[in-house]
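Engineer: Show me how the following folds:
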Amino acid sequence: MTDSPAFVSESESAALVDDDLALAAAREAFLATATGATIPVVIGQSLPHNRFTLKSGAAGDLVGVKIGSFWPGNVELPRHSSTIVLLDPATGRLSAVVEAAAANAYRTAAADALAVDTLARKDSRTLTVIGTGHQALHEVRAVSRVRPIDRVLVVGRRADAALAFAAEVTAVTGLKAEPVDARTGVAAADVLVTATTAREPLFDASWVAPGTHISAMGADGPGKQELPVALYDRASLFCDLPEQSRTIGEFQHARSVPVALGAVLAGDAEGRTSPEDVTVFDSSGFALQDLTLAAALLRRRAASPGDPE
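Structural biologist: Okay, the predicted model is just below:
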């Protein structure tokens with residue numbers, strides 16, 4: 001008889017995850033991309049009213065898939081869900097199933113914060129976030145843990161939403177936050193994070209000041225776009241997976257090939273080379289982020305008092 005597969009429920013993973021765990025898992029995943037990890041193409045499936053995607057990956061002892069679903073008709077349940085399936089690398093048998101919808105937001109923000117930690121100026125203090133949805137708060141919290149952010153500028157499509165989000169940022173993080181228009185927010189940013197579902201540029205390239213770092217996470221499918229193409233000619237471009245970024249990510253609109261962030265972390269490629277550089281990171285997401293996150297959650301649960309395993 002083999003051991004029964006481990007199962008971590010949504011409520012368990014939400015209680016176990018935090019920004020430090022997610023950032024460490026993200027760093028592990030990105031480094032793995034520089035050392036021969038296997039990352040096949042994303043598979044998407046559209047149903048009459050719903051959609052799900054499957055991303056697979058393998059690195060070292062981690063083998064598995066992440067299933068992300070979007071069921072817009074859900075009322076009492078969240079519309080988005082995330083399930084991570086780990087396989088035993090020796091046998092191929094099911095090793096663990098981790099429900100991680102809440103943890104997925106930490107995982108996404110951790111990738112953008114990792115890029116900030118790797119590429120942004122060390123003295124970055126003003127963070128501008130474009131977007132006022134659920135993910136945006138995770139982005140603010142994660143970025144403010146890796147740079148000495150003391151001011152958050154919020155850009156939203158609706159003035160009331162931007163005002164409410166700025167108040168939420170201050171309540172959750174203690175940081176001074178205020179709503180501003182897009183031009184003001186972009187021009188003042190040391191770090192700019194875009195967290196939207198946009199299909200056209202959110203701002204003008206000329207508004208971006210020298211030395212700015214941009215982490216863009218909204219483009220994850222054909223036709224999506226948050227950044228102006230004109231920005232790419234004056235910026236250094238980085239991403240999680242170059243081929244994927246040019247297929248479904250922000251850089252499907254770029255002419256040059258971006259540098260993998262994992263290569264920078266591994267010392268195989270240059271990151272920021274001067275305080276005046278404009279650096280842009282595109283996060284389209286890959287399964288190893290989810291696999292390393294699931295493994296970290298399992299380790300934390302095993303180390304917790306009263307663990308049922």
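
Engineer: check contacts around the residue nearest the centre of the chain.
Structural biologist: For the chain, the residue sitting closest to the mean C-alpha position, by C-alpha atoms, centre = their mean, is residue 108 at 2.5 Å. Residues in contact with residue 108 (C-beta atoms under 8 Å, 6 or more residues apart in numbering) are 135, 138, 217, 283, 285. Bear in mind the C-beta positions are built from the backbone N, C-alpha and C, glycine included.

Engineer: Same question for residue 142.
Structural biologist: Applying C-beta under 8 Å, 6+ apart, the residues near residue 142 are 19, 22, 23, 106, 109, 110, 112, 113.

Engineer: My reading is that the third one lies in a strand. Confirm?
Structural biologist: No. Secondary structure of residue 23 (DSSP: H, G, I helix; E, B strand; the rest coil): helix, not part of a strand.

Engineer: Okay, and the nearest residue to residue 248 once chain neighbours are set aside sits in which element?
Structural biologist: Excluding its sequence neighbours, the residue lying closest to residue 248 (C-beta to C-beta, 6 or more residues apart in numbering) is residue 221, at 5.3 Å. Taking DSSP states H and E as the criterion, no element holds residue 221; it sits outside all helices and strands.

Engineer: what's the burial count for residue 221?
Structural biologist: Residue 221 has 17 neighbours, counted by other C-beta atoms under 10 Å.

Engineer: hmm, back to that, just curious, which of the contacts of residue 142 is nearest to residue 185?
Structural biologist: Distances from residue 185 to the contacts of residue 142, taken as C-beta to C-beta, are shortest for residue 112 (16.6 Å).

Engineer: hang on, isn't that closest one packed against residue 138?
Structural biologist: No. Residue 112 is beyond contact range of residue 138, at 9.1 Å (criterion: C-beta atoms under 8 Å).

Engineer: Compare those two (neighbour count), which wins?
Structural biologist: residue 112 (27 against 23).

Engineer: in the stretch 151-300 of the chain, which spans are strands?
Structural biologist: 151-155, 176-179, 191-194, 213-216, 236-239, 259-260, 279-282 (DSSP state E, counting those that start in this stretch).

Engineer: Please produce JSON lines containing the ones you listed, extended by distance to residue 11 and mean pLDDT.
Structural biologist: Below are those laid out as JSON lines (distance: least, C-beta to C-beta, whole Å; pLDDT from 0 to 100):
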{"stretch": "strand 151-155", "distance to residue 11": "30", "mean pLDDT": "98"}
{"stretch": "strand 176-179", "distance to residue 11": "30", "mean pLDDT": "98"}
{"stretch": "strand 191-194", "distance to residue 11": "28", "mean pLDDT": "98"}
{"stretch": "strand 213-216", "distance to residue 11": "29", "mean pLDDT": "97"}
{"stretch": "strand 236-239", "distance to residue 11": "33", "mean pLDDT": "96"}
{"stretch": "strand 259-260", "distance to residue 11": "35", "mean pLDDT": "96"}
{"stretch": "strand 279-282", "distance to residue 11": "32", "mean pLDDT": "97"}
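
Engineer: I'd like these written out as a markdown table, with distance to residue 127 and mean neighbour count added.
Structural biologist: A markdown table is the format used below for the strands of the stretch 151-300 of the chain (distance: least, C-beta to C-beta, whole Å; neighbours: other C-beta atoms under 10 Å):
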| stretch | distance to residue 127 | mean neighbour count |
| --- | --- | --- |
| strand 151-155 | 5 | 23 |
| strand 176-179 | 9 | 18 |
| strand 191-194 | 5 | 29 |
| strand 213-216 | 10 | 28 |
| strand 236-239 | 18 | 24 |
| strand 259-260 | 23 | 20 |
| strand 279-282 | 14 | 28 |
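
Engineer: is it possible to export those to a markdown table including distance to residue 49?
Structural biologist: Below are the strands of the stretch 151-300 of the chain laid out as a markdown table (distance: least, C-beta to C-beta, whole Å):
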| stretch | distance to residue 49 |
| --- | --- |
| strand 151-155 | 31 |
| strand 176-179 | 34 |
| strand 191-194 | 28 |
| strand 213-216 | 28 |
| strand 236-239 | 32 |
| strand 259-260 | 36 |
| strand 279-282 | 29 |
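
Engineer: And the helices in this structure, which stretches?
Structural biologist: 10-16, 19-33, 101-119, 134-143, 159-173, 182-188, 242-247, 261-265, 287-303 (DSSP state H).

Engineer: Least reliable of those by average pLDDT, please.
Structural biologist: Note on the helices of the chain: lowest mean pLDDT is at helix 242-247, with a mean of 88.

Engineer: Give me the helices and strands touching that helix, please.
Structural biologist: The helices and strands touching helix 242-247, judged by 3 or more C-beta pairs under 8 Å, 6 or more residues apart in numbering; DSSP states H and E, number zero.

Engineer: who's in contact with it?
Structural biologist: 39, 41-42, 222, 239, 251-252, 254, 257-260, 282, 284, 286.
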